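J.: Could you look at this predicted model? Sequence included:
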Amino acid sequence: MATQRNSVDLVDDTVVRQFARAAVLAALIGVTALVGIPYPLSPAPVTLQVLFVFLAGLVLGPAWGAFSLLLYLTAGAAGVPVFSNMTAGIGVLFGNTGGYLWSYPIAAALIGVIVHRGTELRDLRDVPLTVVVGALVAATIVIYALGSVYMSLVLEMTLWEAVTVAALPFIPAEIVKMTAAVAIVRSGRITPVRS
């Protein structure tokens, strides 16, 4: 049985590059989760994961940014130890801090939509700083809102208790991560892949 070579459509170079970048960012998020700094006032450790959530939305846009985070969550659910403190498994996604993990694809998509005004990627150096910072703040609110609500349900605490334990103490660290994300994308060293 013979096949015809001209009957196969090749994948566009842009798709291949975006997929590769999404996979690299998913891997980087997993690597940064290996270093969890325990925080005495909260069951959630401090990691650099949110920095890479920011970068996924900024560099990959809404669709590929969310895909990158879904790839990360899938790897962790399948048993690759990419969640904080080298944990893995579907149980982590439904544990105390599962709400944060579930929020990552949503946050990356939100950043991409705000910064890129849709799915067509823009040069990040041309996007006003206020738009970039606003997108990162909105994403941080989504992450901590979903994380706190989920934690309050799982641990049977009031929403305010969850916010004071799992959100408010982390605001200074998130400001540092936002600053780092802005500096990285404004440097021009990492740019969106445009078609």
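T.: Everything's here; your move.

J.: low-scoring stretches of this protein, by residue?
T.: Low-confidence segments of the chain, defined by pLDDT under 70: 1-11, 39-45, 191-195.

J.: Would you map the helices across this structure?
T.: In the chain, the segments counted as helices under DSSP state H are 13-33, 49-55, 61-77, 90-93, 98-116, 129-154, 159-166, 171-186.

J.: got CSV for the ones you listed, with distance to residue 122 too?
T.: Bear in mind the C-beta positions are built from the backbone N, C-alpha and C, glycine included. As requested, those are exported to CSV (distance: least, CB to CB, whole Å):
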stretch, distance to residue 122
helix 13-33, 15
helix 49-55, 15
helix 61-77, 9
helix 90-93, 32
helix 98-116, 5
helix 129-154, 10
helix 159-166, 33
helix 171-186, 11
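
J.: so what's residue 178 closest to, chain neighbours aside?
T.: The shortest distance from residue 178 to any residue that is not its chain neighbour, by CB to CB, 6 or more residues apart in numbering, is 4.6 Å, and that residue is residue 136.

J.: Distance-wise, check the one you found relative to residue 143.
T.: 10 Å (CB to CB, to the nearest Å).

J.: got it, and residue 68?
T.: Going from residue 68 to residue 143 by CB to CB gives 15 Å.

J.: And these two? Which one has more around it.
T.: residue 68 (31 against 26; other CB atoms under 10 Å).

J.: What sits closest to the more buried one if chain neighbours are left out?
T.: Leaving aside its sequence neighbours, residue 68 sits nearest to residue 22 (CB to CB, 6+ apart; 3.8 Å).

J.: Share the number of residues neighbouring that neighbour, please.
T.: Residue 22 is surrounded by 24 other residues when neighbours are defined as other CB under 10 Å.

J.: Surely it and residue 71 touch.
T.: Yes - the pair residue 22 / residue 71 is scored as a contact, 6.2 Å apart, by CB atoms under 8 Å.

J.: residues shared between the contacts of the two?
T.: Common neighbours of residue 22 and residue 71, using CB atoms under 8 Å, 6 or more residues apart in numbering, do not exist here.

J.: and residue 137, what does it touch?
T.: The neighbours of residue 137, taking CB under 8 Å, 6+ apart as the test, are residue 178.

J.: do you know how far it is from residue 172?
T.: The spacing between residue 137 and residue 172, counted by CB to CB, is 14 Å.

J.: same deal with residue 23?
T.: Distance of residue 23 to residue 172, computed by CB to CB: 31 Å.

J.: Also residue 65?
T.: As it turns out, when the distance is counted by CB to CB, residue 65 lies 25 Å from residue 172.

J.: quick one: which of those two has more around it?
T.: Legend: neighbour count by other CB under 10 Å for residue 65 and residue 172, higher for residue 65 (32 against 10).
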